[in-house]
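S.K.: predicted model follows, preceded by the sequence.
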Amino acid sequence: MAAPRVIPYRPDRAVDTRQGLPYFLGISGQTVGASGLAMHLVVIPPGARAAPHRHRGYETAIYVLEGRVETRWGEGLTESLVSEAGDFLFIPPDVPHEAINLSATEPARAIVARNDPAEQDKVEPYTPG
């Protein structure tokens, strides 16, 4: 049996996601064979927003590196909070939400971690009703 290895990984380009935002894929089942987590860098362009969505069956943790982001959440996206550099944010499984960069001139950047190594497979669009 092979001994476990430490695997470095550096993304070389952003990829489009079901949320409609560019992600720099970091740790996941796809990139390094992770079996229980995913961690990426998301960049929200100036004035941009994620498509409303929910993550079916897994938790999301976010650490904001740069910028100010409004997160609208809950049924109908009627709840709202603003996070900024240095803030952590927890999104429980299946909670509808969207993220909006509040700056018209600067991108917002955040590290996003999830307890599913193939989380993009379980992103579901959400239409506020």
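M.R.: Right, received. Where do you want to start? Residues are numbered from 1 along each chain as shown.

S.K.: gap between the residue positioned nearest the centre of the chain and residue 58?
M.R.: Nearest residue to the geometric centre of the chain (C-alpha atoms, centre = their mean): residue 112, 4.5 Å. Distance, residue 112 to residue 58, using C-beta to C-beta, to the nearest Å: 12 Å. The C-beta positions use only the backbone N, C-alpha and C, and glycine is treated the same way.

S.K.: got any ranges where this structure has weak pLDDT?
M.R.: 119 (pLDDT under 70).

S.K.: picking that back up, what sits up against the helix or strand where the residue nearest to the centre of the chain lies?
M.R.: Assessed by DSSP states H and E, residue 112 sits inside strand 108-114. Applying C-beta atoms under 8 Å, 6 or more residues apart in numbering, the external contacts of strand 108-114 come out as 23, 37-44, 55, 58-69, 101-102.

S.K.: so residue 70 bridges to which residues?
M.R.: Beta-bridge partners for residue 70, by DSSP bridges, are residue 82, residue 100.

S.K.: list the contacts for it?
M.R.: So residue 70 contacts 80-82, 99-100, 102 (C-beta under 8 Å, 6+ apart).

S.K.: now these: which count as buried?
M.R.: By neighbour count, with 16 or more other C-beta atoms under 10 Å, the contacts of residue 70 hold 99-100 as buried.
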